[in-house]
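Novice: got a sequence here, can you model it:
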Amino acid sequence: MAADIVVFVPRIEADVRANVRQFIDLARDQLVVFGPDLSFESDTWDVTDAVLTKAKGKKRERINFSTLAAVNDPVPSVMPEPFRSFAKAYIRYLSGIRPVKAIHTRVAALRALAAALAEQEGDCDPVRADQAVFNRAAQLVVGHFSAGAAYRVGQQLEVLSEFMRGNALIINRTSWRSPIRRPLDTVRVGPEADRRRREKLPSEAALDALPRIFLMAKEPADVITTSAAAIMLAAPDRISEVLTLPSDCEVVEARPGKDDAYGLRWWPAKGAKPGVKWMVPAMAPVVQDALRRIRKVTAEARVVAEWYERNPGRIYLASDVEHLRNNEWLTLEEVARIIGLIDRVGANAWCKAQGIGMVRLKGQGNALYVRFQEVEGAIISLLPRGFPTLDEKTGVTYAKALFVVRRNELGAQRGTYRCMIELVSVGQINTGLGSRSAHGLDSIFSRFGFTEPNGSHIVLKSHAFRHYLNTLAQVGGLSQLDIAKWSGRLDVRQNEAYDHVSPRQILEGIRSAVGTGQMLGSLSELPKRALIKRDAFAQLVVPTAHVTELGYCIHDYTSSPCQLHADCINCQELICVKGDERKMSRLRAQLGEAMRLKEKAEAATGAGYAGSDRWMEHHRVAVERLAQLLAIMEDPEVPDGTPIQMAVADVPSRVRGSEKQAGAAIQDRRSLQGAGE
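Specialist: Numbering: from 1, shown residues only. Down below sits the predicted model:
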């Protein structure tokens, strides 16, 4: 008889498994994140009421605990146990202590880890996640997502690893860092840079069509879409910020001796301070016209919203059906008139969809009737989440909102509700701009007959306007701080992702400053005897330009390689642009490093190390030039956008040093000969 086999389980592994079980029990039985009625055992969680995202309309927020491979399947397969229960506990727990808006990125990290565990270990047990498993999960992420999305999911994988390690939920507690690096958006040359620029910025066809459609638009959907686009083309806004503006958002400020300043009250979506976003004078009339058009289309919806705010629990009835309020029973024709449906057939379908019972009343023939109270309750249930408040942070209500419309007013396939309102959603604006043209949905461009030059659909994302205006600001030389404030950002470093200035634009900007006096350096003036046009001279002396840490290099690599081996600060071909905060921060860092190296070289020289005097002289020159350049960049008298070129550096040279030593030796010999005579 075979002996029973007892598998030994090490204490540390037993402890870890116990920790995981306790963690799951805690999340299932004690936490109320996503609501106390949440079905923990369900494999799909509806978290719409807990994850409030602005301007998403009627779209529901759901978390599906599906596998990475099957996430897009019509009926996706779910994560295997025991990982699935751990994933649910992790999402619920972290959403309480560390909530994020992009919750699906966190779920994607869990899917990748589950897939890696299934490959590496076979049993999909979370306690076995080690560095090799996390590395494989990172590989899967790179294969399933775009570069930017993969970076964000990788960061969530790192958070997941640290959480499991710090809470003793894995056996191997070695720390792990995500190998997925942030995609480099500053590369401006090559096919990939051109493709990325095209994807981020509006096409010429789109920019040409928008003002024409703006003037021709009559239908509510076209007016709302083109007017929102006009506002976003006047200032670099996020679409959610535009859609949550109050109706009375305009600000006019008198300026002595100048035209009045015109702007909009603004509440940035990502943490920057509220304020007034001032409009460029040329765009102020366009924005004023856009707001007038929006208010005209949305006026009735604000009346409805104000009614519900003043009369909670009661249905809004238009003046022609107000007499029906005291009726106990309604005919289907009366229901259609109250809601705004075409006829009793539509009313019949609506009542069935809402679960409203229809009866035939005695003595009334075959006509169907419904109770007024049931219709009223069904309509009231359609009020937007959080009503009457649209945005708790700003206090804006639906009755005061700019982009509030009657329900289905922007949809061509459904009838407009006379008695219910909704906020214009991000999806509706993007659909109007062509984001779903490939799926057969009309856009403002297709409805008015505009296409790309090759006949394809014009497709435009609302965020493209923000990229476009930021790029114009970069080309125009606006300071990084001003661009960040204009765009509603907390950190000027975020400007980099929106800077799509092309190599040709960089080159033209430097060339345009040559010989105009708008530049500091030897190229600021043309040679006095030059018999050549300034533009032609600029093309000769600045044949090309590329980005460096401190500015732009105008060296022509087709004629010779770099002679200074990237010692840019000592090169006359370095062009810096005043106002670029990112370059200035790097300049300060280089100055600090050069000062430390100079001190070390001085100490080495004092100790008598061979050759240290040459290093001391090199660092001395570097410190002087960096300090001079930084002083110019910080000088308030130098306008932002000014190109700066340093003079030729007096760089220590071994050849000149040898010549100097040889000259001194010859002089010494002559002195000795003279003394001998």
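Novice: report the residue ranges of every domain in the chain.
Specialist: Structural domains annotated on the chain: 11-166, 502-586+627-655, as defined by automatic domain parsing.
Novice: pull the contacting residues for Leu587.
Specialist: Applying C-beta atoms under 8 Å, 6 or more residues apart in numbering to Leu587 gives the contacts Leu550, Cys576, Leu626, Leu629, Leu630, Met633. C-beta here means a position set from N, CA and C on the backbone, and glycine is covered the same way.
Novice: now the fifth one: closest residue in space that isn't a chain neighbour?
Specialist: Closest residue in space to Leu630, ignoring its immediate chain neighbours: Leu587 at 5.4 Å, by C-beta to C-beta, 6 or more residues apart in numbering.
Novice: isn't Ile554 right up against Glu573?
Specialist: Yes. Using C-beta atoms under 8 Å, Ile554 is in contact with Glu573, at 5.1 Å.
Novice: out of these two, which sits in the more crowded spot?
Specialist: Ile554 (24 against 19; other C-beta atoms under 10 Å).
Novice: what's the pLDDT at the more buried one?
Specialist: pLDDT recorded at Ile554 is 75.
Novice: how much space between it and Val251?
Specialist: Applying C-beta to C-beta, to the nearest Å, the value for Ile554 to Val251 is 43 Å.
Novice: can you give me the buried ones in stretch 443-459?
Specialist: By 16 or more other C-beta atoms under 10 Å, the buried positions in stretch 443-459 come out as Ser443, Ile444, Phe445, Arg447, Phe450, Ile458, Val459.
Novice: ugh, wrong one, I meant stretch 219-228
Specialist: Pro220, Ala221, Asp222, Val223, Ile224, Thr225, Thr226, Ser227, Ala228.
Novice: host element of Glu422?
Specialist: If you go by DSSP states H and E, Glu422 is part of strand 421-423.
Novice: any idea which helix or strand comes after that strand?
Specialist: That would be, after strand 421-423 and using DSSP H and E, helix 426-432.
Novice: and that next one, what's buried?
Specialist: Buried residues in helix 426-432, counting neighbours by 16+ other C-beta under 10 Å, are found at Val426, Gln428, Ile429, Asn430, Thr431, Gly432.
Novice: could I get those residues as a markdown table with distance to Ala108?
Specialist: Rendered in a markdown table, the data for the buried residues of helix 426-432 read as follows (distance: C-beta to C-beta, whole Å):
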| residue | distance to Ala108 |
| --- | --- |
| Val426 | 21 |
| Gln428 | 26 |
| Ile429 | 26 |
| Asn430 | 22 |
| Thr431 | 25 |
| Gly432 | 29 |
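Novice: can you pull the contacts of Ile224?
Specialist: Ile294, Val297, Thr298, Phe403, Val405, Leu410, Val424, Gln428, Ile429, Gly432.
Novice: swap in 10 Å and give it another go.
Specialist: Residues near Ile224 by C-beta atoms under 10 Å, 6 or more residues apart in numbering: 217, 243, 290, 293-294, 297-298, 403, 405, 409-410, 424, 428-429, 432, 444.
Novice: for Leu117, same thing?
Specialist: With contacts taken as C-beta under 10 Å, 6+ apart, Leu117 has the following neighbours: 79-80, 83, 123-130, 133-134, 136-137.
Novice: before we move on, what about Asn326?
Specialist: Contacts for Asn326 (C-beta under 10 Å, 6+ apart) come out as Phe372.
Novice: that one: which element?
Specialist: Short version, using DSSP H and E: Asn326 is in no helix or strand.
Novice: quick one: low-confidence parts of the stretch 101-250 of the chain?
Specialist: 121, 184-199 (pLDDT under 70).
Novice: what of the stretch 401-550 of the chain?
Specialist: 412-413, 473-545.
Novice: can you give me the strands in it?
Specialist: 404-406, 421-423, 546-547 (DSSP state E, counting those that start in this stretch).
Novice: contacts only, for the residue nearest to Ala336 when sequence neighbours are not counted.
Specialist: Excluding its sequence neighbours, the residue lying closest to Ala336 (C-beta to C-beta, 6+ apart) is Ala347, at 4.2 Å. Residues near Ala347 by C-beta under 10 Å, 6+ apart: 330-339, 341, 356, 358, 368, 370, 375.
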